[in-house]
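*Asks:* okay, predicted coordinates and the sequence, questions at the end:
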Amino acid sequence: MKEVGAINRKRILTGALTLTAAGVITRILGFVYRIYMSNLMGAEGMGLYQLIMPVYALAWSIACAGFNTTVSKLTAQERAKGEYGNMSQMLRQSVFITTGLGILLTFVLWFGAELMAVHFFGDMRTLMPLRILSLAFPFMAAGTAIHKMVKRHSRISPISYIGKLHIRLEARNSFPS
């Protein structure tokens, strides 16, 4: 019995250290990216970026936040019961619903961008970034639903998250504005 406790403690410690290391590396890469972005866009560009990013965060919350938790919970329940047949149906439904919400948000933001730029932000330079940002919502929403299902189905190592962040940073660096 003593050996099992030691093994579990070792696994917990190893897992915690791995996740901590992955988190620290991810934060460092994000920090480096912010410095790069600041140098690329300048103070004015960063100010505009900081103005419109809360809109992105709010739209993401509206389109996806509740679905992340729901899909994770339902998938875990199905796996625990050993019933994998309903998972594909759950995936289709969650992608359909989140994409629909994303499309709705796209239209709302696209046509409301001028109103937001003038009355909410007080800066017409935010008009085009808001409209461009609005086009990402359906893809972001569908991607989030798919990501949650895949994450629940497979064992993903923390190293893969670092790799994903690195690929994102490289893609952004490949297409400077």
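*Replies:* Nice, thanks for sending it over. Treat the numbers as computed from the prediction; the structure is a model and nothing was measured.

*Asks:* and the residue nearest in space to the middle of the chain, what is it in contact with?
*Replies:* By CA atoms, centre = their mean, the mean C-alpha position of the chain lies nearest to T144, the distance being 6.5 Å. Contacts for T144 (CB atoms under 8 Å, 6 or more residues apart in numbering) come out as 60, 63-64, 67-68, 98. For every residue, glycine as well, the C-beta is placed using N, CA and C.

*Asks:* ranges for the helices of this protein?
*Replies:* Using DSSP state H, the helices of the chain run over residues 2-60, 66-81, 85-115, 127-134, 137-153, 158-174.

*Asks:* how about the contacts of T144 in JSON lines, adding distance to R79?
*Replies:* Written out in JSON lines, the entries for the contacts of T144 read as follows (distance: CB to CB, whole Å):
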{"residue": "W60", "distance to R79": "26"}
{"residue": "A63", "distance to R79": "25"}
{"residue": "C64", "distance to R79": "21"}
{"residue": "F67", "distance to R79": "18"}
{"residue": "N68", "distance to R79": "17"}
{"residue": "T98", "distance to R79": "21"}
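
*Asks:* and which of these is nearest to I52?
*Replies:* Within those, distances to I52 taken as CB to CB reach their minimum at W60, with 12.8 Å.

*Asks:* for that closest one, which non-adjacent residue is closest in space?
*Replies:* M140 (6.5 Å; CB to CB, 6 or more residues apart in numbering).

*Asks:* need the contact list for the one you found.
*Replies:* Neighbouring residues of M140 by CB under 8 Å, 6+ apart: 60, 63-64, 102.

*Asks:* how about these in a markdown table, adding neighbour count?
*Replies:* Listed next are the contacts of M140 as a markdown table, based on neighbours: other CB atoms under 10 Å:
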| residue | neighbour count |
| --- | --- |
| W60 | 18 |
| A63 | 26 |
| C64 | 25 |
| G102 | 26 |
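
*Asks:* and stretch 137-145, what's buried?
*Replies:* Burial within stretch 137-145, assessed by neighbour count using 16 or more other CB atoms under 10 Å, is assigned to 137-138, 140-145.

*Asks:* need those in CSV (columns: pLDDT).
*Replies:* As requested, the buried residues of stretch 137-145 are arranged in CSV below (pLDDT from 0 to 100):
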residue, pLDDT
F137, 88
P138, 89
M140, 85
A141, 83
A142, 84
G143, 82
T144, 79
A145, 76
